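> please find the sequence and the predicted model below.
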Amino acid sequence: AGAPWDAINPEQSAVMAGSLSPAEAAMNILKNKKVWLRNVQCMNDYREVEHGIDCLVSAIRNENEGQRFKDILEEIHPGMLKKIVELFDGWIPDLRAQTYITCVSEHPDHEDKFGRLSMWRAYGGENPVAIVMNPEAFESDTNALQAYTHPVAYLDTDDFCEEFGELADRIEANREYVKEMGPQVVINYLFEIFKTFALCVKHPGFLEEREWRVVYNPALASSKHVESDLVSVNGVPQEIHQIHLRNLPEEGLENVEIPELINRIIIGPIEHQAVLGNTFIKLLQAAGCKDAQ
């Protein structure tokens, strides 16, 4: 989504390529110390959000798991189900139109030297570069950016119904606690869960991407630390949002600055590897990285 790809493992994480070549995007990130979040409607597969919504609708309509979920909610807080459905339905247009994300991929240790062939093929382009990041920035317990990290779940409609059934099980197991919370608090929680389902469920055919998403929706909650801009990407003028790679320790946001964010950079298979390698050594040195080579 407008950045180079490759990194979050339990130890590392990597950003996927978007409109610029990965090398250009990586250079801009290092020089400008910003990461773009682009509209979900501009993703490679514009129907990705629709898949999550379709799974959710199918699960709610399911005669087994869906009906059990509805029955449990109706028993605990009568009338609440209708309210949560109306609330979520009302927000679907904004989830489609006003959600901005950047995508990263889990980066296992065994990929440290060469990266992942399928990702080079899908996102490498003519000048492939992967920024491998340390994961601590994604783990900050903070609301400073109003942007949150989610793992993508790779589910078809049947798999999703099973997950939905497990949600019903958890509500049932904690029936008294859920009842004490009151209907509005439960509605708020379920809205967040439904929103995550819609934005972070992909078809299992994409499983090897091992994707995580940083999700920002200014219509729901905006941050003074995330700025918007109007740019042209592949000839399409559009709004983007930008996260500054700077720590805000007073608000709990840490480990996002360069050089602490970056674990390594992998130059992909290309004729001019040496040129790119020397260029990124200089970019890393200028960004304050020791032992850049």
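Thanks, I have the structure now.
> for burial, what's the neighbour tally of Glu208?
13 (other CB atoms under 10 Å). (Each C-beta comes from the backbone N, C-alpha and C, glycine too.)
> can you list the weak-confidence ranges in the protein?
Applying pLDDT under 70 to the chain picks out residues 1-19, 45-46.
> show me where it has helices.
With DSSP state H as the criterion, the chain has helices at 22-32, 48-61, 65-76, 80-97, 117-123, 157-173, 175-181, 183-199, 273-286.
> dump the ones you listed into TSV; add distance to Ala147 and mean neighbour count as well.
Putting the helices of the chain into TSV (distance: least, CB to CB, whole Å; neighbours: other CB atoms under 10 Å) gives the following:
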stretch	distance to Ala147	mean neighbour count
helix 22-32	16	20
helix 48-61	17	19
helix 65-76	29	17
helix 80-97	15	15
helix 117-123	21	17
helix 157-173	24	15
helix 175-181	26	13
helix 183-199	12	17
helix 273-286	25	15
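> wait, which of the ones you listed is closest to Pro151?
helix 183-199 (9.8 Å; CB to CB).
> same for that closest one, what does it pack against?
helix 48-61, helix 80-97 (3 or more CB pairs under 8 Å, 6 or more residues apart in numbering; DSSP states H and E).
> can I get these in a markdown table including distance to Val201?
Formatted as a markdown table, these follow (distance: least, CB to CB, whole Å):
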| stretch | distance to Val201 |
| --- | --- |
| helix 48-61 | 4 |
| helix 80-97 | 13 |
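> the helices of the chain: which one's closest to Glu254?
Of all the helices of the chain, helix 22-32 sits nearest to Glu254, with 18.5 Å by CB to CB.
> of all the helices and strands packed on helix 183-199, which lies closest to Asp159?
Short answer: helix 48-61, nearest of the helices and strands packed on helix 183-199 by CB to CB, at 8.4 Å.
> which strands and helices lie in contact with that closest one?
Short answer (3+ CB pairs under 8 Å, 6+ apart): helix 48-61 packs on helix 65-76, helix 80-97, helix 157-173, helix 183-199, strand 201-202.
> gap between the residue lying closest to Leu207 once chain neighbours are set aside and Cys55?
Using CB to CB, 6 or more residues apart in numbering and skipping the chain neighbours, the partner closest in space to Leu207 is Tyr154 (4.4 Å). According to CB to CB, to the nearest Å, Tyr154 stands 11 Å off from Cys55.
> got it, and Thr99?
Relative to Cys55, Thr99 is positioned 17 Å away (CB to CB).
> ditto for Asn143
28 Å.
> rewinding a little: would CSV of the helices and strands packed on helix 48-61 with distance to Asn32 be doable?
Below are those laid out as CSV (distance: least, CB to CB, whole Å):
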stretch, distance to Asn32
helix 65-76, 46
helix 80-97, 27
helix 157-173, 39
helix 183-199, 26
strand 201-202, 29
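> out of the ones you listed, which is closest to Phe114?
With CB to CB as the yardstick, what comes closest out of these is strand 201-202 (24.7 Å).
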